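Asks: any chance you could fold what I've pasted below:
(4 chains)
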There are 2 protein chains.
Amino acid sequence: MTSSTTQREYTIKEAATLTGLPASTLRYYESIGVIAPVSRGASSGHRVYDEGDLDQLMWVACLAATGMSVSDMRAYVANGALGPEAARGQVELLSAQARRLAEEAEQIVLRRRYVQIKIDYWHAVESGDGERADLLSGQARALADELRGAAKR
Amino acid sequence: MTSSTTQREYTIKEAATLTGLPASTLRYYESIGVIAPVSRGASSGHRVYDEGDLDQLMWVACLAATGMSVSDMRAYVANGALGPEAARGQVELLSAQARRLAEEAEQIVLRRRYVQIKIDYWHAVESGDGERADLLSGQARALADELRGAAKR
DNA sequence: CTAGGAACTTCAAGTGCTTTAAGTCAAAGC
DNA sequence: GCTTTGACTTAAAGCACTTGAAGTTCCTAG
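Replies: Residues are numbered from 1 along each chain as shown, chains lettered A, B, ... in the order given. Next up is the predicted model:
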């Protein structure tokens, strides 16, 4: 499969960013057996992730994002459904993940807008501009509806 | 202000539906002081939400949706009761939230790129295009390198 | 070569809900 | 009148992380 010659290695921080799971969660998953123990640097004892670990973690990240419980994920992994040879389902799962990320990105745009409006609102209040405050209050309300509606999808 | 016409009252279930927060969360928020204690039915002891409670809950629901911590929400609601004098504090809380959201947005951009590369990679493998697969493998590593160099938050 | 700081390590405690257990109350059916 | 149904109550436990403390180790610069 991976016909690449150079097996790149990753720190926990890099693995965290690429999978979207915080480093603390990576350690946690390893500690409770959701993923296999990761090899360590000879002198440092620091975790060293290879491409295979990354692939496995992407899988787990996808499963976690669908709301699968930790014990279910552990069972899934234990059943060997998650080896590097499980390539068939990879694309579907990754595509689902891509969709989720797109939605999440959209959500964050809305949230940032909402927070910005509230900041503007308090600035208006601070400077005694009641008219502008009312206007922004209304905008916040409208956005809140949109936020809620989008979240429920 | 409050016209004594029809001050509608709501059960916890209705409040939950209207705010989008589960009833258990409403009780939880009340128990830890994020919202003021809700009045109770005389005989039943059940919570009875009025319009004011609902308004407050709507704001809290929006803040929660932006990922604001419970203690920040508590501070925010407490400030809100103080009026215009608290504007500076509100802006600080919201600005911190805006920064968190900006960081999150950045992370998601990276994750989306990584997932897309992975998808393309598996498509290439599937169609036997080893050359393209190698290229994409290299891109994934390049992304990690970029992460290493520009990990300046 | 050595000093400083960032990044890593483990372990324990904290957070933010969510679920469960056990019980109360109000209306509907027998 | 009694009982069952169902929504509500609290307190406590559970879950999936998350954060903090205290102690290495790596890297960069002087």
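
Asks: residues of chain A that sit close to DNA strand D?
Replies: Chain A comes close to DNA strand D at residues A:22, A:24-25, A:28-29, A:41, A:43-46, A:64, A:69-71, as judged by CB under 7 Å from any atom of the strand. The way it works is simple: take the backbone N, C-alpha and C, and place the C-beta from them, glycine included.

Asks: wait, what's in contact with the residue nearest the centre of chain A?
Replies: Most central in chain A under CA atoms, centre = their mean is residue A:20, positioned 3.9 Å from the mean C-alpha point. Applying CB atoms under 8 Å, 6 or more residues apart in numbering or on different chains to residue A:20 gives the contacts A:61, A:101, B:107, B:108, B:111.

Asks: and residue A:146, how many neighbours does it have?
Replies: Residues contacting residue A:146 under the criterion other CB atoms under 10 Å in any protein chain shown number 13.

Asks: please name the nearest non-neighbouring residue to it.
Replies: residue A:110 (6.3 Å; CB to CB, 6 or more residues apart in numbering or on different chains).

Asks: can you get me a residue count around the one you found?
Replies: Residue A:110 has 19 nearby residues by other CB under 10 Å.

Asks: now do the helix or strand hosting it: distance to the chain's middle.
Replies: Element membership for residue A:110, per DSSP states H and E: helix A:90-126. Relative to its chain's centre, helix A:90-126 lies at 13 Å (CA atoms, centre = their mean, to the nearest Å).

Asks: which residues touch the helix or strand just after it?
Replies: Downstream of helix A:90-126, the next assigned helix or strand under DSSP H and E is helix A:130-151. For helix A:130-151, the surrounding residues in contact (CB under 8 Å, 6+ apart) are A:103, A:106-107, A:110-111, A:113-114, A:117-118, A:120-121, A:124-125, B:20, B:58, B:61-62, B:65.

Asks: if we go to 10 Å?
Replies: Residues outside helix A:130-151 that contact it (CB atoms under 10 Å, 6 or more residues apart in numbering or on different chains): A:103, A:106-107, A:109-111, A:113-127, A:129, B:19-20, B:58-59, B:61-62, B:65-66, B:84, B:87.

Asks: hmm, it in reach of DNA strand C?
Replies: No: between helix A:130-151 and DNA strand C, judged by CB under 7 Å from any atom of the strand, nothing touches; the nearest distance is 12.8 Å.

Asks: quick one: neighbours of residue A:92, just the number.
Replies: So residue A:92, with other CB under 10 Å, has 12 neighbours.

Asks: look up how far DNA strand C lies from it.
Replies: As judged by CB to the nearest atom of the strand, to the nearest Å, residue A:92 and DNA strand C stand 27 Å apart.

Asks: gap between that residue and residue A:19?
Replies: The spacing between residue A:92 and residue A:19, counted by CB to CB, to the nearest Å, is 18 Å.

Asks: need the contact list for residue A:61.
Replies: By CB under 10 Å, 6+ apart, the residues touching residue A:61 are A:18, A:19, A:20, A:21, A:25, A:26, A:29, A:93, A:97, B:111, B:115.

Asks: from chain A, which residue is nearest to chain B?
Replies: Minimum separation of chain A from chain B (CB to the nearest CB) falls at residue A:126, amounting to 3.9 Å.

Asks: ok, and the closest non-adjacent residue to that residue?
Replies: residue B:87 (3.9 Å).

Asks: residue A:44 belongs to a helix?
Replies: No: counting by DSSP: H, G, I helix; E, B strand; the rest coil, residue A:44 falls outside a helix, being coil.
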